[in-house]
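In: what would the 3D arrangement of this be:
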Amino acid sequence: MVIKLERPLQIGMIGLDTSHVSIFAALLHRHQAADASCLHGITIGCAYPGGSSRMELSYSRVDRYKNELIQEYGVPMLGSIEAVAEAADVIMIESVDGSTHLEQFSKVAPYGKPVFIDKPFATCLADARAIVALAEHYSVPIMSASSLRYASALTDALKRVGHGDIIGADVYGPMPFVHGQADYFWYGIHAAEMLFAIMGHSSCQVHTLCSGGHEVMTGTWADGRIGVVRGRRQGGSFGAVIHRERGSDHVGIHPGGKPYYESLLEQVVHFFRKGISPVAPEETLAVISFLEAANRSRETGMPYDL
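Out: I've put the predicted structure just below:
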């Protein structure tokens, strides 16, 4: 699927309860005057506010981001998810409560338009598989990714090959929990996406340890490699150590340089125009399976097979 239009490509945005709404709108608006940017010629054409009654961080923020889109960018609000899906060329599901994504996607899938589902893709493997099955049934291109996957420090490190093949990785980052979202699906999704970007999507066991505000998820890959996620419940920054055959590279994700949200949005726009996701659905399912297994291991203290 390749979308070519004489007019700007119109995004239909669903779920206005996350800062990503504001960030993406600002980036798209800024680049409308820059013909050389891949973000030129794409705009938010309509939106549906949505919101989840299960999460205070959802229902308390909907009005703020809805009003911002209306007042600063002139985005019309439509009365239903289906109305947005019909009016738009492509769709972004931004709802911060990942447990709502299956229901929302089921309403837009019959329209056959490319859909980006913001993190987390889903909050259980059953929902994730159902979304992928619907996408296949309706031949709908789908993409999901954390912005941290496209942090320039990480993508640059993955291009370096001087130390040989990757034999393991240790990823770290903040990992607060929030009421209404299964533990690691809130912020653990970012570190997990980084880990899978480094290691690939074959893993067969997860063992979780937690102590004193620290969370450690150890994944064993099918080929024997080990990948670790270390999370801090309070504060911290993102980063990784990539272990190769002949050395290790430290990757620090710091402010400054190209924002990783912009890098993500560029990937999303390429996906919208070409209909091919840079992250295969199989990898997205593997990330969700990893997090679900990590949550179960955290509850039992035992390793959990994927």
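
In: what strand or helix carries A293?
Out: Element membership for A293 (DSSP states H and E) is helix 281-300.

In: and the helix or strand just after that helix, which strands flank it?
Out: Next in sequence after helix 281-300, counting helices and strands by DSSP H and E, comes strand 304-305. As defined by DSSP bridges, the strand partners of strand 304-305 come to strand 205-211 (antiparallel).

In: from the centre of this protein, point out the most distant residue.
Out: Within the chain, the residue lying farthest from the chain centre (C-alpha atoms, centre = their mean) is R246, at 31.5 Å.

In: and that residue, what does it touch?
Out: 162-164 (C-beta atoms under 8 Å, 6 or more residues apart in numbering). In this view, the C-beta of every residue, glycine as well, is placed from N, C-alpha and C.

In: what of L27?
Out: 39, 261-262, 265.

In: any chance of those residues in CSV, with secondary structure too?
Out: Listed next are these as CSV, based on DSSP: H, G, I helix; E, B strand; the rest coil:
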residue, secondary structure
L39, coil
Y261, helix
E262, helix
L265, helix
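
In: highest neighbour count among those?
Out: L265 (24 neighbours; other C-beta atoms under 10 Å).

In: which residue ranges form the strands in the stretch 1-150 of the chain?
Out: Assigned strands in the stretch 1-150 of the chain, in chain order: 9-14, 42-48, 90-93, 115-117, 142-143 (criterion: DSSP state E, counting those that start in this stretch).

In: what lines up beside the biggest strand by length in the chain in the sheet?
Out: Secondary structure of the chain per DSSP state E: the longest strand is strand 166-174. Strand 166-174 pairs in its sheet with strand 226-232 (parallel), strand 239-244 (antiparallel), by DSSP bridges.

In: relative to P281, which of the ones you listed is closest?
Out: strand 226-232 (20.4 Å; C-beta to C-beta).

In: any idea of the mean pLDDT for that closest one?
Out: In this model, strand 226-232 has a mean pLDDT of 97.

In: specify the angle between it and helix 281-300 in degrees.
Out: 60 degrees (axes from the mean of the first three to the mean of the last three C-alpha atoms, to 10 degrees).

In: send the alpha carbons of strand 226-232 over as CSV?
Out: Provided in CSV are the C-alpha atoms of strand 226-232 (Å, rounded to 0.1, in the frame of the first residue of the first chain):
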residue,chain,number,x,y,z
ILE,A,226,20.9,-13.0,27.7
GLY,A,227,19.3,-9.6,27.8
VAL,A,228,18.6,-7.7,31.0
VAL,A,229,16.3,-4.7,31.8
ARG,A,230,17.0,-2.8,35.0
GLY,A,231,14.4,-0.4,36.1
ARG,A,232,14.3,2.3,38.8
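
In: right, and L264 touches L154 too?
Out: No - using C-beta atoms under 8 Å, L264 makes no contact with L154, being 11.8 Å away.

In: give me the nearest residue to A130, chain neighbours excluded.
Out: L102 (5.5 Å; C-beta to C-beta, 6 or more residues apart in numbering).
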